[in-house]
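pasting a predicted model and its sequence here:
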Amino acid sequence: MNEQRRLHLAWMILGICFIDLFINYSVRLGYGVILPEMIQALGFSRTDSGSIYNSYLLTYICIAPLTGYLTDRVGARRVISTCLLIVAVGAGLMGTVQNLLQACLFFGIAGLGSTGIWVPIITLVQRWFAPARKGLALGILSTGFGVGFAAMGVSFPWIISNFDWRFAWFALGTMGLLMVIPNAFLLVSDPAEKGLSAWGGEPHPVAPAANRRAPIRLQQIWKDRSFWMIGFSYFAIAYSLYGFTTFMVDYAKHQLGMPVAVASRVATIHGLAQVLGMLTVLPASDYITRKTTIWISNTLIALTLAGILLSGGDWTVTYALIGVMAIFYGSTFPIYAACAGDYFPKEAVGTVAGAWTPFYGAGAILTHWVTGWLRDTTGVYDHAFLICAAMAAISAVLMSLVKAKLPQFSEIASAPDVR
C-alpha cells in the first residue's frame, strides 16, 4: 500500500481515539456534575457518593493491568471496542439507579469498561506514530479528556435543567454506543496489518510475520530495575498531583479566605493550563527525551507546590503558580505512558502501561486519605501540601536514576509472532 497517501491512516486512528477519550472522561465528569441531583433525588449522603466513585476507581485499578496485557495479545481494536461498549452500558445503567448498591455496581461497570480505554488507546497511538512523533500525537490525543471536562461542565447543567438527571446518563451511554461500531470496524491494531509503517518516520518494508519479535514475557519486565523505578516515580507524582488538585478549591476558599467565585477560578485556570501543557510539553519530549522532560516537569511541580505554600495567600501569585503547575500536570500521565514505548518493545507497551496503573492508582487513593486526614487533624493544608511537594521531588529523583535504555530487551532474538 502506498504510504505517500495524502492522509495517513494514523490520523484517522488518532481522531477515533480522541472521541473515545472524550466520551470516557465525560462519564467521569458526568458523575460529579450529576451527583447533586442524584443526592437530592435518592437521598444519598456524601459518604455514599464517595463509595460510588471508589467502586469505579477500584475496578479500574484492579483490571487495567489485564486489559493492557490483552491489548498486546489480542489487539487494541478488540479491547477498545469491547470496553467502550461496557462503559456505555455502565453509564446507561446509572440512569436507572434506585439505591446505593445499584449505583456502586453500575458505576463499577463503567470503571471496568474504562480500563480498556486509556491504556489500549495510548498503546495503539504509540504504534501508529514514529518515536520522534509520539509526543505530538499523545499531546493532541490527551486534550480529549480536557475538552471532555470543559464540554460536559457546560452541557450537563443544561440537560439536567431541561430534562432530568437520568437523561444525562442515558445521553452518555448513547454517545458510547454510537462509537462502538467505528471502533470495531475502523481501528487497526498495528500499521503492519495494512502494510504501513508508523507516521512520522522513514517508510520501510513491513517485516513478514515469521520474522517479527515474539511477545515479551512478564517475568522479563518485572525483573528489570527500571520498570520499578519508573513505576514508583509514577506513584509519587500521582500522590503529589492528586493531593493538591483535589483539595485546591477548598484550600483557596477556607484557608486563604478567597470568595467562592474567586476560589473556583483556580479550577478554570488549572483546566486551561492543562490543555496548554498537553500541546507543548508532550511534543517537546520528542526532542529532549521523555526521561529529561519528566525530571524537569516533576522538579518544577515540587517547586510550584512549595511556592504556593510560601506565597502568603497572595491571590495573583497563587493563580500564577497553579497555572504553571497545571501545565505539567496535563502532560504527566500521557508522558509516563509514552515511557512504555521508549523503554520497552512495542510488543509489550500495553502490558507495561497497564502494569504501571496500580502505582498511579495507589498514589491517588493514598493521598486523598492522608491529605484529608491531615486537614481535619491540623485545620490547615500546609503539612499535607508539603508532603505533596516532597513526593514530587522524590519522583524526579527516581526518574533521574532510570537507565537511558533497556539493552536486555533489544538483544532478544526474533521469533514467530504467535498472537
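Right, received. Where do you want to start?

so what's Leu177 up against?
With contacts defined as Cβ atoms under 8 Å, 6 or more residues apart in numbering, the neighbours of Leu177 are 85, 88, 92. C-beta: built from backbone N, CA, C; applies to glycine.

quickly find the element holding the residue nearest in space to the middle of the chain.
Nearest to the centroid of the C-alpha atoms of the chain, with distances taken as Cα atoms, centre = their mean, sits Phe333, at 5.3 Å. Using DSSP states H and E, Phe333 falls within helix 315-343.

wait, isn't the residue nearest to the centre of the chain in contact with Tyr360?
Yes: if you go by Cβ atoms under 8 Å, Phe333 and Tyr360 touch, sitting 7.3 Å apart.

packing partners of the helix or strand containing Ser26?
Assigned by DSSP H and E, Ser26 falls within helix 9-42. Secondary-structure packing of helix 9-42 (3 or more Cβ pairs under 8 Å, 6 or more residues apart in numbering; DSSP states H and E): helix 46-74, helix 76-94, helix 100-114, helix 118-128, helix 134-162, helix 165-186.

out of these, which one sits most buried?
With neighbours taken as mean count of other Cβ atoms under 10 Å, these reach their highest mean count in helix 118-128, at a mean of 28.

residues making contact with it?
So helix 118-128 is contacted by 9-10, 13-14, 17, 20-21, 24, 64, 67-68, 71-72, 76-77, 79-80, 83, 134, 137-138, 141, 187, 189-191, 198-199, 334, 337-338, 340-341, 346, 349-350, 353-354, 357 (Cβ under 8 Å, 6+ apart).

sorry, back to before: next one: the helix holding Ser26 to chain centre, how far?
13 Å (Cα atoms, centre = their mean, to the nearest Å).

cool, stretch 255-275 as well?
On the basis of Cα atoms, centre = their mean, stretch 255-275 sits 22 Å off its chain's mean C-alpha point.

in it, what counts as buried?
Residues of stretch 255-275 classed as buried by neighbour count (16 or more other Cβ atoms under 10 Å): 255-256, 258, 263, 265-267, 269-275.

same check on stretch 307-324?
Neighbour counts over stretch 307-324 (16+ other Cβ under 10 Å) mark 307-308, 311, 315, 318-324 as buried.

what's the lowest-pLDDT member of these?
Within the buried residues of stretch 307-324, pLDDT reaches its minimum at Trp315, with 76.

isn't Thr371 right up against Ala384?
Yes: with contacts counted by Cβ under 8 Å, Thr371 reaches Ala384, the gap being 4.1 Å.

and for those two, which residues touch both?
243, 247.

okay, and the helix or strand of the protein with the least pLDDT?
Using mean pLDDT, DSSP states H and E, the weakest-scoring helix or strand in the chain turns out to be helix 407-410, at a mean of 48.

orientation of the helix or strand containing Ala390 relative to helix 315-343 in degrees?
Using DSSP H and E, Ala390 maps to helix 382-400. Interaxial angle, helix 382-400 versus helix 315-343 (axes from the mean of the first three to the mean of the last three Cα atoms, to 10 degrees): 30 degrees.

list the contacts of helix 382-400.
For helix 382-400, contacts defined as Cβ under 8 Å, 6+ apart pick out 229-230, 232-237, 239-241, 243-244, 247, 251, 291, 294-295, 298-299, 301-303, 305-306, 308-309, 363, 367, 370-371, 374-375.

how is the chain partitioned into domains?
For the chain, automatic domain parsing gives the domain ranges 9-187, 219-403.

mind checking how far the last one is from the chain centre?
With Cα atoms, centre = their mean as the basis, the distance from the averaged C-alpha position of domain 219-403 to the chain average is 12 Å.

can you check the first one too?
The gap between where domain 9-187 is centred and where its chain is centred comes out at 11 Å by Cα atoms, centre = their mean.

end to end, how far does that domain reach?
Distance between the two ends of domain 9-187: 9 Å, counting by Cα to Cα, to the nearest Å.

tell me the average confidence for that domain?
For domain 9-187, the mean pLDDT works out to 84.

local confidence estimate at Tyr381?
What the model reports for Tyr381 is a pLDDT of 87.

dihedrals phi and psi, the residue nearest to it when sequence neighbours are not counted?
Of all residues not flanking Tyr381 in the chain, Tyr251 sits nearest, at 4.8 Å (Cβ to Cβ, 6 or more residues apart in numbering). Here is the backbone geometry of Tyr251 (degrees, to the nearest 10): phi -60, psi -50.

ok, Trp199 next?
The phi/psi pair for Trp199 (degrees, to the nearest 10) is phi -70, psi 140.

give the contact list for the residue nearest to it when sequence neighbours are not counted.
Leaving out its chain neighbours, the residue that sits closest to Trp199 by Cβ to Cβ, 6+ apart is Ala10, at 3.8 Å. With contact taken as Cβ under 8 Å, 6+ apart, Ala10 is in contact with 128-129, 137, 191, 198-199.
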